[in-house]
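In: my questions concern the predicted model and sequence given below.
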Amino acid sequence: MAEPTAETRALLARMVEDFAGAPADPTVEQRREGLRVMADLYGPEPAPVARVEDRSIPGPAGSVPVRIYHPPGATGPVPLILHVHGGGWVLGDPTAYERVCRAYCAAAGAVVVDVHYRRAPEHKYPAALRDCEAALVWAHAAARGLGADPRRIVVTGDSAGGNLAAALCQRTRVPVALQVLVYPVMSASARADFASRGQLGDGRFFLREFDIKRAESEYLARPAHGEQAGVSPLLAPDRVVRRVPRALIITAELDPLRDEGEAYARRLRALGVPVGYDCAPGSIHGFVLFAGALEQGRETIARIGAAVRALPARRPGVLAWMLGERRREAVNAT
């Protein structure tokens, strides 16, 4: 089995010390606060942005809060990133993800719209997905007013946010130029069988298989929902997957979710969808959220920023960054 990098080992040891007094059986609110504390302790340094604004937009069950980050020094229409936060559909919020959103805004020179969708367990599937759908429609319509280019819309999310981002790209009619899925959950099916979940999910590497299963149980009103593509994008039929936007998929070598992210990258490639795939060696789930402690997180933020900046302003075409890029791990490796 691969070994964690020195920085990863140091972070894991630091987490043990920092959270030594955490409750053994925390409430949902305690877990949410724990993620906010982690993001503050280990997140990237707050990148400068031109301004940040909070708005409420129309949603399927009332208003949906969004936080909008405007890039510094913008001189014309810039890309727009719709950001879907992670946290097992339960824990994330704009406060926990402010540093990541600031980093994406600065690295990509893009407007970032962070969606605070309805969270489980208070709101079960498909509430979060429907809120994200509404936010994407709104962002596309509002892009020019935000100083952004509606032809260069990017959808991204990490972990459960990556799950929502992938499902959103399978369902939407909004023209999305790029999807960026960061260590995404790709299946909540009872039939899912990924070796990485068992091999890496025992608690040594931050995310546990227990955490994944608990998140699924909190998100789904019925286990049968896990067999739907809206929850398990890997189960979508070929005709749907063939028409999704080009993708950049990022996983971590020591993440229980690694295999399903790679499986989706392979499936996209097999169906003719342009895809770039990176697997961060010796790193763990959450390494982008923890980019203040992990150089690999900062490198990945820069990688995502470069991919967004490379989006053509006029004709879609296949992006140059997908042609001959140096991948850490080839999608078609045997």
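Out: Thanks, I have it.

In: which strand residues bridge residue 80?
Out: residue 111, residue 153 (DSSP bridges).

In: what are the boundaries of the helices in the protein?
Out: In the chain, the segments counted as helices under DSSP state H are 6-18, 28-42, 98-108, 127-142, 160-171, 195-200, 209-219, 238-241, 258-270, 295-309.

In: for the longest one, which residues meet the burial criterion?
Out: It stands for helix 127-142. The neighbour-count check on helix 127-142 (16 or more other C-beta atoms under 10 Å) flags 127-136, 138-140, 142 as buried. For glycine as for every other residue, the C-beta is placed from the backbone atoms N, C-alpha and C.

In: and the residues you listed as a markdown table, adding distance to residue 216 and pLDDT?
Out: Output for the buried residues of helix 127-142, formatted as a markdown table (distance: C-beta to C-beta, whole Å; pLDDT from 0 to 100):
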| residue | distance to residue 216 | pLDDT |
| --- | --- | --- |
| 127 | 15 | 98 |
| 128 | 13 | 98 |
| 129 | 14 | 98 |
| 130 | 18 | 98 |
| 131 | 19 | 98 |
| 132 | 18 | 98 |
| 133 | 21 | 98 |
| 134 | 24 | 98 |
| 135 | 23 | 98 |
| 136 | 24 | 98 |
| 138 | 28 | 98 |
| 139 | 28 | 98 |
| 140 | 30 | 98 |
| 142 | 33 | 98 |
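
In: out of the helices of the chain, deepest packed?
Out: Between the helices of the chain, the one whose residues have the most neighbours on average, counting mean count of other C-beta atoms under 10 Å, is helix 160-171 (a mean of 27).

In: for it, C-alpha coordinates in PDB please.
Out: Listed in PDB are the C-alpha atoms of helix 160-171, where the atom choice follows Å, rounded to 0.1, in the frame of the first residue of the first chain:
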ATOM      1  CA  ALA A 160     -20.400  15.200  -1.700                       C
ATOM      2  CA  GLY A 161     -20.200  18.500  -3.600                       C
ATOM      3  CA  GLY A 162     -18.400  16.600  -6.400                       C
ATOM      4  CA  ASN A 163     -21.300  14.100  -6.400                       C
ATOM      5  CA  LEU A 164     -23.800  16.900  -6.800                       C
ATOM      6  CA  ALA A 165     -21.700  18.600  -9.500                       C
ATOM      7  CA  ALA A 166     -21.500  15.400 -11.500                       C
ATOM      8  CA  ALA A 167     -25.200  14.700 -11.200                       C
ATOM      9  CA  LEU A 168     -26.000  18.400 -12.100                       C
ATOM     10  CA  CYS A 169     -23.900  18.100 -15.300                       C
ATOM     11  CA  GLN A 170     -25.800  15.000 -16.300                       C
ATOM     12  CA  ARG A 171     -29.200  16.700 -15.800                       C
END
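
In: list the helices and strands that helix packs on?
Out: Under the contact criterion of 3 or more C-beta pairs under 8 Å, 6 or more residues apart in numbering; DSSP states H and E, helix 160-171 touches strand 78-84, helix 127-142, strand 148-158, strand 178-182.
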